[in-house]
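1. What would the 3D arrangement of this be:
(chains A and B)
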Amino acid sequence: MSQDTAPRDQVERHDPVYDELHASSEFIELRRRYRGFVFPATVAFLSWYLLYVVLSNWAGSFMSTKVVGNINVALVFGLLQFATTFALAWVYSRYSTARLDPLARELDERFIALEGKSSRGTGGH
Amino acid sequence: MNDQAITTVLFLAVVALTVGITFWASRQSSGTNDFYAGGRSFSGFQNGLAIGGDYMSAASFLGISGAIALSGYDGFLYSIGFLVAWLVALLLVAEMLRNSGRYTMADQLAYRMKQRPVRMAAATSTVAVSVFYLLAQMVGAGALVTLLLGVDSQGLKNLTIIGVGALMIFYVTVGGMKGTTWVQIVKAVLLMAGSALIVVLVLVKFGFNLSDLLGTAASNSGKGQAFLEPGLKYGATMTSKLDFLSLGIALVLGTAGLPHILIRFYTVPTARDARKSVLWAIGLIGTFYLFTLVLGFGAAALLKGDEAAKVAESKGNLASPLLAEAVGGGAGSTGGAVLLALIAAVAFATILAVVAGLTLTSSASVAHDIYNSVIKKGKATEKQEIRVTRFAAAGIGAISIALAIPAQNLNIAFLVALAFAVAASANLPAIVYNMFWRGFNTRGAVWSIYGGLISAVGLVIFSPVVSGKGIDPVSGQNLSLLPASIDISWFPLENPGLLSIPLGFFFGWLGSVTSKEARSEERFTELEVRALTGAGAEGAIQH
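-> Sure thing, here's the model as predicted:
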């Protein structure tokens, strides 16, 4: 794909195959599923994180409440941020493997067929 | 062998190992795909390790555990912010960037925008973020070596900075992305193994009872339960609380805009591998930041008297190394000396891997974005581009050395936080708008990048970190960057993110709605398909 003779950066011409794929019901579904997951998930984890920062700042006595031994709410809250980060990453991985990848693969294959050439393995040599 | 000899030998072993890897990697590299993206042939797991190696800087390893050792719970915010930030990269950035770009952060903007203005803007921001980060690492390296060797000599500090600079130029010019990646992988393994060992030894001392560890840390800190609660460092006034909020926001939004992190996503064959690498990175980085909790509170609990004073004097940077010495058997014991030297060598490897990544990123952007696209209008050959990258790496290395040597005597602790603030204010808005907003265009991209960059840097110039904090009555140190006699500060917060991030998004919106660009909308259709499906994305090299 990258020849030294031509400007290597971007193809300036518009490729109509993309328009065709963009209008297909599979692509619309893929985008809906992707955005339907990541937008609410991003709002949720950012709010959860901000809640933690705000409580650390302005709810000192609540955060200082002992839970067990020397372990207080602040520490538990902090560790919960770790737990939710791991959990959300895992859930997204499951979701994307099951719900996004098959559609993406199908569309990529259709692209390859329509272009009449492989989009893989032609990156360099 | 005495302590210094063991430390020196291990430092040299780290240098020899990384130099060897670089030579080995250089024999397998040919074109730009190899040089900038490691042939896109790393596996998700390998890249996950390399991301960890690229991301966990000395500021994380020595800085966070030190901050916890000195200010208790408030130091833990860094760990949480640095980790949660990876969800932004995972959900919104990594896969789509992999599918739509080639070598640099600018690529995915240039996909739908006018090449030259957006590449110029993105390259400016890339170099700014990378150089801020580089300076912090290099000055840290100089201080670290003298601290660990116990020789307080300005000559040795300067020599270390020059040595680190020379090494990073070597890694990048000779090894390219392949060499850099392997250096980062080795560093990640060393860092995880070394810190896991210390964590286990600390926990053994407390019978694996976290509550005991925390209790001992609290009582030894002299601050009692307040040491375990938020507010010790940032809770004093409304301004310091807003600063904490501002820092927290910059940390969580900055990571996915750090250019040296972004280009790591190009080193894998597909978007699915990019996702896998972020998942591995989250596991690795999360585990490491859990370690910092034990390292920081462990240092507070186990280091007393002289050693505790040394930790305070080093602003926390010696907490982990001295903790290693203590759990190895204490000062003067062989076990203590070996573990101290080991952790010192790990910290050194950490710095080397991070500076290599930063140098590669900034020099690749100079060559690929400025030289090839802006100057040669996209007509440079691969050979020319790589040659310019090598020159740029040497130039950036030389400039960093020249800036880092005088910067040693200045208070530059704010530079890492500033790098995150710029990444969040200038880069993230452009990346997110570009992927999700059809109406985003060239003017919007340029305004958001320059607007975010200038807001973040400008606010810091007029903040207390640059001037106006005066002299610390206890240590006699100047707390700001400029001499105490100069005071140009009017912005009260040390971290600009709270204001500069919304400004970056605002300028991106304003620029876009005040200009019309049909091509950018048309190409958005293409970008969207490509980003989500990988159709037409750059493939891996089959060797």
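
2. how many neighbours does residue 108 have?
-> No chain in the question, so chain A it is. For A:D108, the count of nearby residues is 24 (other C-beta atoms under 10 Å in any protein chain shown). Glycine gets a C-beta too; all of them are placed from N, C-alpha and C.

3. Let me rephrase: I mean chain B.
-> 27.

4. Next: B:L410.
-> When neighbours are defined as other C-beta under 10 Å, B:L410 has 14 of them.

5. three-state assignment of it?
-> Secondary structure state of B:L410, per DSSP: H, G, I helix; E, B strand; the rest coil, is coil.

6. residues touching it, list them.
-> B:L481 (C-beta atoms under 8 Å, 6 or more residues apart in numbering or on different chains).

7. quick one: B:V354 and B:A50 touch, right?
-> No. The pair B:V354 / B:A50 is not scored as a contact, 11.5 Å apart, by C-beta atoms under 8 Å.

8. quick one, longest helix in chain A?
-> Secondary structure assigned by DSSP state H gives helix A:25-58 as the longest helix of chain A.

9. Wasn't A:V67 part of a strand?
-> Yes. Membership of A:V67 in a strand is supported by three-state DSSP.

10. quick revisit: would you indicate which residues of the longest helix of chain A are buried?
-> Going by neighbour count (16 or more other C-beta atoms under 10 Å in any protein chain shown), the buried part of helix A:25-58 is A:27, A:30-31, A:33-34, A:37-38, A:41-42, A:45-46, A:48-49, A:52-53, A:55-57.

11. From the chain's centre, how far out is whichever helix or strand comes after that helix? Work that out for me.
-> Sequence order places helix A:60-63 as the next helix or strand after helix A:25-58, per DSSP states H and E. Between the centre of helix A:60-63 and the centre of its host chain there is 34 Å, according to C-alpha atoms, centre = their mean, to the nearest Å.

12. near chain B at all, helix A:60-63?
-> Yes. Shown here: helix A:60-63 in contact with chain B (C-beta under 8 Å from any C-beta of the partner chain) through A:60, A:63.

13. and that helix, which residues are buried?
-> Buried residues in helix A:60-63 (16+ other C-beta under 10 Å): A:M63.

14. ok, residues contacting that helix?
-> A:55-56, A:72-74, A:77, B:229-231, B:235.

15. Pull up the residues of the stretch 51-200 of chain B that are close to chain A.
-> Residues of the stretch 51-200 of chain B lying close to chain A by C-beta under 8 Å from any C-beta are B:73, B:76-77, B:79-81, B:83-84, B:86-88, B:90-92, B:102, B:107, B:110-111, B:115.

16. Go again with 7 Å.
-> When proximity is defined by C-beta under 7 Å from any C-beta of the partner chain, the stretch 51-200 of chain B lies next to chain A at B:73, B:76, B:80, B:83-84, B:87, B:90-92, B:110-111, B:115.

17. so which of the buried residues of helix A:25-58 are also by chain B?
-> For chain B, the contacts drawn from the buried residues of helix A:25-58 by C-beta under 7 Å from any C-beta are A:27, A:30-31, A:34, A:38, A:41-42, A:45, A:49, A:53, A:56-57.

18. could I get those residues as a markdown table with distance to B:A5 and pLDDT?
-> Putting these into a markdown table (distance: C-beta to C-beta, whole Å; pLDDT from 0 to 100) gives the following:
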| residue | distance to B:A5 | pLDDT |
| --- | --- | --- |
| A:F27 | 64 | 96 |
| A:L30 | 61 | 96 |
| A:R31 | 61 | 96 |
| A:Y34 | 57 | 97 |
| A:V38 | 53 | 97 |
| A:A41 | 53 | 98 |
| A:T42 | 52 | 97 |
| A:F45 | 49 | 97 |
| A:Y49 | 46 | 97 |
| A:V53 | 46 | 94 |
| A:S56 | 45 | 92 |
| A:N57 | 48 | 91 |
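
19. still on that earlier bit, can you lay out the residues of the stretch 51-200 of chain B next to chain A as JSON lines showing neighbour count?
-> Output for those, formatted as JSON lines (neighbours: other C-beta atoms under 10 Å in any protein chain shown):
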{"residue": "B:Y73", "neighbour count": "27"}
{"residue": "B:F76", "neighbour count": "26"}
{"residue": "B:I80", "neighbour count": "25"}
{"residue": "B:L83", "neighbour count": "25"}
{"residue": "B:V84", "neighbour count": "25"}
{"residue": "B:L87", "neighbour count": "26"}
{"residue": "B:L90", "neighbour count": "26"}
{"residue": "B:L91", "neighbour count": "23"}
{"residue": "B:L92", "neighbour count": "20"}
{"residue": "B:A110", "neighbour count": "27"}
{"residue": "B:Y111", "neighbour count": "23"}
{"residue": "B:Q115", "neighbour count": "22"}
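
20. Mind checking which of these land in helices?
-> B:76, B:80, B:83-84, B:87, B:110, B:115.

21. ok, and the closest non-adjacent residue to the residue nearest to the spatial centre of chain A?
-> In chain A, the C-alpha closest to the average C-alpha coordinate belongs to A:V38, at a distance of 6.0 Å (C-alpha atoms, centre = their mean). Distance criterion C-beta to C-beta, 6 or more residues apart in numbering or on different chains; nearest residue to A:V38, sequence neighbours excluded, is B:L91 at 4.3 Å.
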